[in-house]
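> Pasting the sequence and the predicted coordinates here, then a few questions.
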Amino acid sequence: MTRARWWLALGGIVAGAAPAVAAQDSQFGIRGPGMPGRAESARARATGGAFAAFDALSPLTDAALADLRRLTASGEGTAWFRSVNLGGVDGEARATRFPSFVIIGPPLGGSSKLAFGVGYSTYLDETYRIEVRDSATVRGSLVRFNDITASDGAVADVRVAAAWRFSRSLAIGAGVHLLSGATRGTASRVFDDSATYHNTIEIADVQHTGMGFSAGGLLDVTASLRLALWYRSDTRLLVSVKDVETARYDLPTGVGGGLRWAPSPELRLAASGAWRSWEDAGGKSTVEWSLGAEGGSARLPARFGVRGATLPFAPPGVDAKEFAVAGGFGRTFSEGRARFDFTVERLARTGGDLKETVWSLFLGLTVQP
């Protein structure tokens, strides 16, 4: 898709179809296979993602599973409110999602050094609606119409992982990822003169499949300083309609890591970074960083963080990026067997003439029966 057509399509979203984008996800994910998700729990999101590499409830560093010695289940729900501005034209959107769920624990009657985890998170979001105003000459007359292209769905990342704690200071883990999802694709043409010309619509159920592998490790450099490293490689995302392949994307390889420093029992600081090769999927390689802090008692911790990143999919010649500020707190109940995590995030994305600002609310629930 050329740069001009890309901006024309986005112009249709915010100018011609703004009232109909109630389920619209980021416009920066339209050009590629979708908008990449973030493998972060509500707790890690409140720190800007800086604690995700050390958080067993964030499906990022497999080795972190070794830190949970009891059966644990955790889920996350989010609601976001998005404002879009393209060349001075505004649009609004909102949606709710359930982006992740994990179950973690040691094997029944097995070694205390081994832990397993299974769950899912959002790998790619593919919900959008593009409306473009156009016209054609039919039998010598100019006929005006709207072309509407829409997609509703996502690609989920289902992970099965294990971790082994070799010693008090070293843990290593690995995981296998199944990428699977379905989207409902719709293409329609609506004529201004629908009494003379018949409107058309085509609907297709689009299937997505792929595989991936991940590995990582945690190393306690000192009693208060921990290092995390992770690696992930995904294969190809196959897109098919009625068992007929319609597209294929080479998925990225990613590496990342972080440092966590706990100078006291009531204060923890972390910094992390990551790189992913999204040019394999027709985009650009991305770099991201995050800084975060968590303080207070284990019963009622407070969290804060910031992060920045480049975005993989944008028109040719445009560098898209994002910056976010987040904060939140946790609340423990039932003698530590249950915890609610609340997070608020303010996110800004920019690229060329397109700007997005998003308010996101996250609620996480963790239970240890």
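Perfect, I can see it now.

> Going by C-alpha atoms from here, please, whenever you check contacts or count neighbours.
Fine.

> How about the contacts made by Val143?
With contact set as CA atoms under 8 Å, 6 or more residues apart in numbering, Val143 has these partners: Ser135, Ala136, Thr137, Phe191, Asp192, Asp193.

> Averaged pLDDT, the helix or strand hosting it. What do you get?
Under the criterion of DSSP states H and E, Val143 resides in strand 141-165. On average, the pLDDT along strand 141-165 is 91.

> Next, the buried residues of it.
Buried residues in strand 141-165, counted by 16 or more other CA atoms under 10 Å: 145-165.

> Same question for stretch 362-369.
Neighbour-count burial for stretch 362-369 flags Phe362, Leu363, Gly364, Leu365, Thr366, Val367, Gln368 (criterion: 16+ other CA under 10 Å).

> one step back: just the buried ones out of the contacts of Val143, please.
Burial by neighbour count, 16+ other CA under 10 Å: within those this picks out Phe191.

> want to throw the contacts of Val143 into JSON lines with distance to Gly296, pLDDT and secondary structure?
What follows is those, written out as JSON lines (distance: CA to CA, whole Å; pLDDT from 0 to 100; DSSP: H, G, I helix; E, B strand; the rest coil):
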{"residue": "Ser135", "distance to Gly296": "62", "pLDDT": "88", "secondary structure": "strand"}
{"residue": "Ala136", "distance to Gly296": "65", "pLDDT": "88", "secondary structure": "strand"}
{"residue": "Thr137", "distance to Gly296": "69", "pLDDT": "87", "secondary structure": "strand"}
{"residue": "Phe191", "distance to Gly296": "61", "pLDDT": "91", "secondary structure": "strand"}
{"residue": "Asp192", "distance to Gly296": "61", "pLDDT": "89", "secondary structure": "coil"}
{"residue": "Asp193", "distance to Gly296": "65", "pLDDT": "86", "secondary structure": "coil"}
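
> Could you export the contacts of Val143 as TSV, including distance to Arg268?
Below are those laid out as TSV (distance: CA to CA, whole Å):
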residue	distance to Arg268
Ser135	60
Ala136	63
Thr137	66
Phe191	60
Asp192	61
Asp193	64
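
> which of the contacts of Val143 lies closest to Ser41?
Among the contacts of Val143, Phe191 lies closest to Ser41 (CA to CA), at 45.6 Å.

> I'd guessed that closest one sits against Asn199; true?
Yes - applying CA atoms under 8 Å, one finds Phe191 in contact with Asn199, separated by 6.1 Å.

> Please report how far Asp319 lies from His208.
According to CA to CA, to the nearest Å, Asp319 stands 28 Å off from His208.

> now for the helix or strand where Val306 lies, which elements pack on it?
Using DSSP H and E, the element containing Val306 is strand 302-310. The contact analysis (3 or more CA pairs under 8 Å, 6 or more residues apart in numbering; DSSP states H and E) places strand 302-310 against helix 42-46, strand 286-295, strand 321-333.

> Which stretches in this structure count as helices?
Secondary structure of the chain (DSSP state H): helices at 3-11, 42-46.

> Least confident of those, on average?
Among the helices of the chain, helix 3-11 has the lowest mean pLDDT, at a mean of 36.

> So which of the helices and strands packed on strand 302-310 is nearest Phe28?
Going by CA to CA, the one of those nearest Phe28 is strand 321-333, 9.7 Å.

> helices or strands up against that closest one?
Counting by 3+ CA pairs under 8 Å, 6+ apart, strand 321-333 packs on helix 42-46, strand 302-310, strand 338-351.

> Pull the CA coordinates from that strand and hand them back as CSV.
Extracted in CSV, the C-alpha atoms of strand 321-333 (Å, rounded to 0.1, in the frame of the first residue of the first chain):
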residue,chain,number,x,y,z
LYS,A,321,6.8,6.0,18.0
GLU,A,322,4.9,5.9,21.3
PHE,A,323,5.4,7.1,24.8
ALA,A,324,3.4,6.1,27.9
VAL,A,325,3.2,7.1,31.6
ALA,A,326,1.5,4.6,33.9
GLY,A,327,0.7,4.2,37.6
GLY,A,328,-1.3,2.0,39.9
PHE,A,329,-1.5,-0.1,43.0
GLY,A,330,-2.2,-3.6,44.3
ARG,A,331,-4.4,-4.8,47.2
THR,A,332,-4.0,-8.2,48.8
PHE,A,333,-6.8,-10.1,50.4
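
> Could you please name the strands that strand pairs with and the direction of each pair?
Paired neighbours of strand 321-333 in the sheet (DSSP bridges): strand 302-310 (antiparallel), strand 338-351 (antiparallel).

> ranking those strands by burial, who's on top?
strand 302-310 (a mean of 23; mean count of other CA atoms under 10 Å).
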